[in-house]
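Student: with the sequence up front, the predicted model follows.
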Amino acid sequence: MLGLPKTTEMSKQLPKKAIYAKFQMNTAAKEKIDADISRITIVGEIAPNKVNIPAGDEVKSFFVLLVSLKRKEFDEKTIATLSKLIPQNILFVLEYGSESKLAIYHTKIMQTAWKPTEEQRIELQGLNLDKVWENLIVAVGSVDIEQGNTLDKQIEINERRHKLEKEIARLEKQARAEKQPKKKFELAGKIKKLKQEL
């Protein structure tokens, strides 16, 4: 799967009941997971003894989890919850029918677009597993790290940029609909300010 070496492959069912019991989840949380997920399987482990890449300072190994979804419009919070519950670095393969997308949780859920599962590929690039993991986050989240920024800093900047773009679009729409010149002028001023910040 994902074009990973055979040595990393495994197939271990992760029963939802075991997750619920271990983390003493309330009924509402269980229902959310049940609404989105039919099955969770550990399909791979990337570890030094399996891929000949040394462990990093923070990442000693990580798992590939195949999550069979009940619906394509799943709740992202479900995947975030799973990430927080399982104290491991996890690359999710979210599968619905014959399509899938990759997802990874790093400060927030990041995901790729849907594509046929057999076409999903990842590359393990890096001198150690810290770097491999960071490169996966960059690839899955389509993060373009600008010079001098750390991954976390870049994600923060991208989030801020996205919020500003949304706010500018909202204000521009409001300005187009506004009849009063004074209010229109005020909105134009706000838009200009936000564009400078952007």
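Tutor: Perfect, thanks for sending it.
Student: show me what contacts residue 107?
Tutor: 152, 155, 156 (C-beta atoms under 8 Å, 6 or more residues apart in numbering). For glycine as for every other residue, the C-beta is placed from the backbone atoms N, C-alpha and C.
Student: relative to residue 80, how far out is the first one?
Tutor: I take that to be residue 152. According to C-beta to C-beta, to the nearest Å, residue 152 stands 17 Å off from residue 80.
Student: those two - which one has more neighbours?
Tutor: residue 80 (14 against 11; other C-beta atoms under 10 Å).
Student: could you find the closest non-adjacent residue to that one?
Tutor: The spatially closest residue to residue 80, leaving aside those adjacent along the chain, is residue 109, at 5.2 Å (C-beta to C-beta, 6 or more residues apart in numbering).
Student: residues in contact with the lengthiest strand in the chain?
Tutor: Determined from DSSP state E, the single longest strand within the chain is strand 37-46. Residues from elsewhere that reach strand 37-46 (C-beta under 8 Å, 6+ apart): 1-2, 4, 8-14, 16, 19, 53, 61-70, 74, 78, 82, 93, 124, 129, 132.
Student: one more time with 7 Å, if that's ok
Tutor: 1, 4, 8-14, 16, 61-70, 78, 124 (C-beta atoms under 7 Å, 6 or more residues apart in numbering).
Student: partner strands of it, parallel or antiparallel?
Tutor: strand 9-13 (antiparallel), strand 62-69 (antiparallel) (DSSP bridges).
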